[in-house]
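In: here you go, sequence then predicted model.
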Amino acid sequence: MGQGKTISMERDLEAMNSRVEHGRERLTRLAIPLFIVLCSSALVVALFPPTVQPAQTEGAVVKPAQNAVILPVILSAYMTINRGTSHILAVSNISREWGGYGLAGHIYPSVAKLPIIGRMIIPEPEQLLRVRPDVLITHKQQSDVLRKIGMQGLVEINMMPRKPLQTRLMIWKQLGQVTGNGARVSELMRWDAAQRQKIAAVVAAAGSQRPRVLLAHVGNRAWSVPGGGYALGASLEEAGAINVAASFRLSGRVNLEQLLALDPEIIVLDPNVMMSPYASSHDTTPLDVYNMPECQMLRAVKTLRVYQLPMHSYTNESIEDPLLLSWMAEIFHPEQTPHRLRDVYRETYQTIYGYALTDDEIDRALFLSENSRSEGYERFARQGATP
Amino acid sequence: MSLNPVRRHPNATILFLFVALVALMIFSLMLGRYPVTLREIAHILATTSPLHAVGNYTNVPWVVIEIVRLPRILMVTLCGMGLALAGAAMQGIFRNPLVGPDVVGVSQGAAFGGVLAIILALSPMGIVGMAFALGMAGLLMAFLLAKLAGKASTLALVLSGVIIGSFFGSLVGLAQYVADPQTQLPSIIYWLLGSFAGATYAKVAIVATVTLVAGSVLLLLRWRINLFSLREVDASALGTNLDRLRWVIITCVVLIVAAQVSVSGGVGWVGLIIPHAARMLLGPEHKKLLPASAFLGGLYLLGMDDVARSVGNQEIPIGLLTGVVGAPVFALLFWKTQTKGWIDE
């Protein structure tokens, strides 16, 4: 009897354990419906998403910007067209860094104090909603999220790396519209075209005499050469030279053997570290190149025809390009050009910015001391001075 | 052996993780650079359903909650759940705790697809499509290479994955090298570092579809993953074709990883450390491990993203954060599990 009761109790206990185990099993199975419910809810919301009716048609900037936010690297052009940093609410860190480079950054020192919004060129929607700019300039590829939040005054910049001239023209026109300075942009374009005509006349006078030139960046003894899409490569040709690296499709490093094979008569050093992602920021000057033992075999080094390109900013080519072209023409065809580059610099900055460049500022812009040993560079020195 | 309370009540733990995940999703709506009060959030959530709602740009709190934060939170949660689930499944079938879901070359393939799309200046959805397509191409190449080797074994697939991954890794390097440094390179670097900043509902739809389908399949097969701890002969005796099962699971994992990389770039470590943490909580039994990993993965990645977007003035790429946090956490988990044995045998 007692034994039977014990057996019965054991059975009950087993049954209870089994029920508990079964209950646990059902709970485990519950995990799948929970997972499915979570994913399905997200899917349903995503398939029937909320949308925003913009307060103003996107991209339609009807009046000059009062509080602009600029994310792409076009600040120097904006400052030139807008005559300064007024009406700029904030810029991306990369835009401010590159906007401050060159003489435009020197003339408008306020660029260094512009508030930063966003890292690199990536927009941050909540920050932008917080500051609420009336114009937001961004890259076309980055504007998807901004369009979705109905951001007003969206201006999309389409950078086409293989078409630098077209890109520049389009950007300048867009900035003219944004700042309400369309007339100034037209004036700058006319000025640009007139300067280029003068260079074309010099090149025509030089005839078939075209030196073989290499544009390069040297950092930590490593040579980087820009690829075919780099705008300054085309400028070499425009200034009457043969770009020995014109056939290079890609920007990148070249070794000494390749340099010897290219055999340039003239080497132009561009301090643009953005020319190659692998270029170093430690710039090498012509003086350094002349002292490199491994470079002594190069023709341009033997004849002391290595030059550092004058200071310039980026996406401000309508101002900088004619100056750089004038400089190149004097280097490539010294016999065809008048010795008046310093005056061209003065006139340009006076005309465009209303700024009187000092002799010291011109010396610095032309890297007079860095180029002091290079052949014929004394022509750029101030009158009565030796570089 | 006495079990700790968490292991004694695995189902309650899984339920708790789910509730915690939903709570964190609601809490995450409060975080961000634009100040939105709790009252405003409650009002928005209580009065307007996000389905087909049309808001006005001037109603900034609504835009912030419904258009900026909600898709991001959904996307992060889905990616976290998917990656952790994929990691737990991969570690189960490979019987190796050091295996992550990106071992078969999918992440690298998808990364190259995304980078290529940026260089070709494709639209954001073009980037997603290209990343997904090349992620799948990476898997296909790894499968074919493993078949060519004449062995359909796990080891052959892992080695093929390493080869294909290295190949696509080199292509990513080449693409960075040729990219325009002013316009494309910053986008590429930011994308490769991983970020959910570009979250949209269209991207949520992609991740939700893949996670729903592939994740459900993994969860339904979860008890079968235990069979991988048996010998092949023993598993066959139970009527299970381990080889076929392995490919089904790997395909699901790859779909999840490709979808995640395509929408947010590279986010590492989640699939590696979360299954470890879940194993510490609930033990090695895949029936409990997989759902626990999924909810824990969602919690972890959402927490990381909350930190990434709210800790400083500038958003920190989440791939950096998961890497910086993931490595020491993994080291700690590795040390803890090694003292007991990784599957607590």
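Out: Structure's in. What do you need? Everything numeric in this text was worked out from a predicted model, so none of it was measured. Residues are numbered from 1 along each chain as shown, chains lettered A, B, ... in the order given.
In: quick check on B:I256: phi, psi?
Out: phi -60, psi -50 (degrees, to the nearest 10).
In: got a list of what it touches?
Out: B:G82, B:L83, B:L85, B:A86, B:P101, B:V210, B:T211, B:A214, B:G215 (C-beta atoms under 8 Å, 6 or more residues apart in numbering or on different chains). All C-beta spots, glycine's among them, are computed from the backbone N, C-alpha and C.
In: and the gap between A:V344 and chain B?
Out: Distance, A:V344 to chain B, by C-beta to the nearest C-beta, to the nearest Å: 27 Å.
In: could you do A:E361 as well?
Out: 26 Å.
In: likewise A:G207?
Out: Per C-beta to the nearest C-beta, A:G207 is found 36 Å from chain B.
In: count of residues packed around that residue?
Out: By the criterion of other C-beta atoms under 10 Å in any protein chain shown, A:G207 has 10 neighbours.
In: check the gap between it and B:P328 for me.
Out: Separation of A:G207 from B:P328 (C-beta to C-beta, to the nearest Å): 69 Å.
In: of the contacts of B:I256, which ones also sit close to chain A?
Out: B:T211, B:G215 (C-beta under 8 Å from any C-beta of the partner chain).
In: could you dump the contacts of B:I256 into JSON lines and include neighbour count and secondary structure?
Out: Listed next are the contacts of B:I256 as JSON lines, based on neighbours: other C-beta atoms under 10 Å in any protein chain shown; DSSP: H, G, I helix; E, B strand; the rest coil:
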{"residue": "B:G82", "neighbour count": "33", "secondary structure": "helix"}
{"residue": "B:L83", "neighbour count": "34", "secondary structure": "helix"}
{"residue": "B:L85", "neighbour count": "33", "secondary structure": "helix"}
{"residue": "B:A86", "neighbour count": "33", "secondary structure": "helix"}
{"residue": "B:P101", "neighbour count": "27", "secondary structure": "coil"}
{"residue": "B:V210", "neighbour count": "23", "secondary structure": "helix"}
{"residue": "B:T211", "neighbour count": "30", "secondary structure": "helix"}
{"residue": "B:A214", "neighbour count": "25", "secondary structure": "helix"}
{"residue": "B:G215", "neighbour count": "28", "secondary structure": "helix"}
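In: nearest to B:I67 among the contacts of B:I256?
Out: B:T211 (21.7 Å; C-beta to C-beta).
In: quick one: contacts for that closest one?
Out: Listed by C-beta under 8 Å, 6+ apart, the contact partners of B:T211 are A:C39, B:L78, B:C79, B:M81, B:G82, B:I256, B:A259.
In: so which strand or helix has the first one?
Out: A:C39 is located in helix A:2-47, with elements delineated by DSSP states H and E.
In: now the helix or strand A:Q174 falls within: average pLDDT?
Out: Following DSSP H and E, one finds A:Q174 within helix A:164-179. The average pLDDT for helix A:164-179 rounds to 84.
In: hmm, who's touching that helix?
Out: Contacts for helix A:164-179 (C-beta under 8 Å, 6+ apart): A:61, A:64-65, A:68, A:74, A:77-78, A:81-82, A:87, A:135, A:137, A:155, A:157-161, A:181-186, A:188-189, A:229-231, A:234, A:315, A:317-318.
In: sitting in helices, which of those do you find?
Out: A:77-78, A:81-82, A:182-186, A:188-189, A:231, A:234, A:317-318 (DSSP state H).
In: which of those are buried, as a ChimeraX select command?
Out: Only the buried entries of these go into this ChimeraX selection, using 16 or more other C-beta atoms under 10 Å in any protein chain shown:
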select /A:77,78,81,82,184,185,188,231,234,317,318
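In: what residues does the stretch 201-345 of chain B have near chain A?
Out: Counting by C-beta under 8 Å from any C-beta, the stretch 201-345 of chain B comes close to chain A at B:201-202, B:204-205, B:207-209, B:211-212, B:215-216, B:219-220, B:287-288, B:291, B:294-295, B:313-315.
In: just the buried subset of these, please.
Out: Taking 16+ other C-beta under 10 Å as the criterion, what is buried in these is B:201-202, B:204-205, B:207-209, B:211-212, B:215-216, B:219, B:287-288, B:291, B:294-295, B:314-315.
In: helices - which of those residues land there?
Out: Using DSSP H, those in helices are B:201-202, B:204-205, B:207-209, B:211-212, B:215-216, B:219, B:287-288, B:291, B:294-295.
In: other residues contacting stretch B:54-68?
Out: A:50-56, A:125-126, A:129, A:132, A:145, A:148-152, B:29, B:32, B:34, B:36, B:40-41, B:44-45, B:48, B:50, B:53.
In: next step: those residues restricted to strands.
Out: For the contacts of stretch B:54-68, membership in strands holds for A:T51, A:V52, A:Q53, with DSSP state E as the criterion.
In: separation between the last one and chain B?
Out: A:Q53 sits 6 Å away from chain B, going by C-beta to the nearest C-beta.
In: that residue and B:L51, how far apart?
Out: A:Q53 is 16 Å from B:L51, by C-beta to C-beta.
In: count of residues packed around A:Q66?
Out: By other C-beta under 10 Å, neighbour count at A:Q66 equals 12.
In: what does A:I242 give?
Out: If we define neighbours as other C-beta under 10 Å, then A:I242 has 15 of them.
In: now it: how far from chain B?
Out: 24 Å.
In: need the ones in strands among the contacts of stretch B:54-68 in JSON lines (columns: neighbour count, pLDDT and distance to B:A149).
Out: Formatted as JSON lines, the ones in strands among the contacts of stretch B:54-68 follow (neighbours: other C-beta atoms under 10 Å in any protein chain shown; pLDDT from 0 to 100; distance: C-beta to C-beta, whole Å):
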{"residue": "A:T51", "neighbour count": "14", "pLDDT": "87", "distance to B:A149": "51"}
{"residue": "A:V52", "neighbour count": "21", "pLDDT": "84", "distance to B:A149": "53"}
{"residue": "A:Q53", "neighbour count": "11", "pLDDT": "77", "distance to B:A149": "58"}
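In: nearest residue to the middle of chain A?
Out: Nearest to the geometric centre of chain A sits A:V73, at 4.7 Å (C-alpha atoms, centre = their mean).
In: quick one: the helices in the stretch 251-387 of chain A?
Out: Assigned by DSSP state H, counting those that start in this stretch, the stretch 251-387 of chain A shows helices spanning A:256-262, A:286-290, A:299-302, A:317-332, A:341-353, A:359-365.
In: lowest-confidence stretch among the ones you listed?
Out: helix A:317-332 has the lowest average pLDDT among the helices of the stretch 251-387 of chain A, namely a mean of 84.
In: near chain B, anything from that one?
Out: No - remark: helix A:317-332 sits outside contact range of chain B, by C-beta under 8 Å from any C-beta, the gap being at least 12.7 Å.
In: and that helix, what does it pack onto?
Out: helix A:75-82, helix A:164-179, helix A:182-206, helix A:231-238, strand A:266-269, helix A:341-353 (3 or more C-beta pairs under 8 Å, 6 or more residues apart in numbering or on different chains; DSSP states H and E).
In: quick one: the shortest one to chain centroid distance?
Out: When distances are taken as C-alpha atoms, centre = their mean, to the nearest Å, strand A:266-269 is centred 22 Å away from the chain's centroid.
In: what comes into contact with that strand?
Out: A:211-218, A:236, A:241, A:283-286, A:289, A:298, A:300-301, A:305-309, A:328, A:331-332.
In: so for it, mean pLDDT?
Out: The average pLDDT for strand A:266-269 rounds to 94.
In: sheet partners, orientation included, of that strand?
Out: Here strand A:266-269 has these sheet partners by DSSP bridges: strand A:212-219 (parallel), strand A:306-308 (parallel).
In: just the ones you listed: most buried one?
Out: Of all these, strand A:306-308 carries the top mean neighbour count, a mean of 26, counting by mean count of other C-beta atoms under 10 Å in any protein chain shown.
In: burial of residue 167, as a residue count?
Out: Using chain A. 19.
In: that's the wrong chain, I wanted chain B
Out: Other residues close to B:F167 by other C-beta under 10 Å number 15.
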